[in-house]
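[1] Return atomic coordinates for the entry below.
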Amino acid sequence: QVQLVESGGGSVQAGGSLRLSCAVSGFSWRWMCMGWFRQAPGKEREGVATIDSDGRTNYLEAVKGLFTISRDYAKNTLYLQMNSLKPEDTGMYYCGARPGVCSWRPVDFAYWGQGTQVTVSS
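    Here you go, the predicted structure:
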């Protein structure tokens, strides 16, 4: 049974940090592209960061230099370290997995977690 379970969200003030985790189980994610996406109320889900099986990363322009995506195969966990958070980073954060090359399109991802809420106050 494929499972992606996010954790680590919460409420922080602007300038604060959070580390999101996504526990992976039930499938071989070694060769998959993994991504973090977010969705604010009334907006479409957007890609925040992706990492492929070789460790190559891509970031939304707005979070470059502030967020870091990483994957730990020994712990079967995907991470998103978020620093210098801003109110516009508020939203539900989801991790997703897709076979093959990475994509920014949510529709290309086959597996999703339930999400973890991030709220940044000014």
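
[2] Excluding covalently adjacent residues, which one is nearest to Ser70?
    In this structure, Ser70 finds its nearest non-sequential neighbour in Tyr79, 4.8 Å apart by CB to CB, 6 or more residues apart in numbering. C-beta here means a position set from N, CA and C on the backbone, and glycine is covered the same way.

[3] and that neighbour, what are its bridge partners?
    With DSSP bridges applied, Tyr79 shows beta-bridge pairing to Ser21, Ser70.

[4] Neighbours of it, how many?
    20 (other CB atoms under 10 Å).

[5] Please give me every residue in contact with it.
    Arg19, Leu20, Ser21, Cys22, Thr68, Ile69, Ser70, Arg71, Asp72 (CB atoms under 8 Å, 6 or more residues apart in numbering).

[6] and which of the residues you listed is nearest Gln114?
    Taking CB to CB as the measure, Cys22 is the one of those closest to Gln114, at 10.4 Å.

[7] Assess the claim that that closest one and Leu4 are in contact.
    Yes: look at Cys22 against Leu4 with CB atoms under 8 Å: they come within range, at 5.5 Å.
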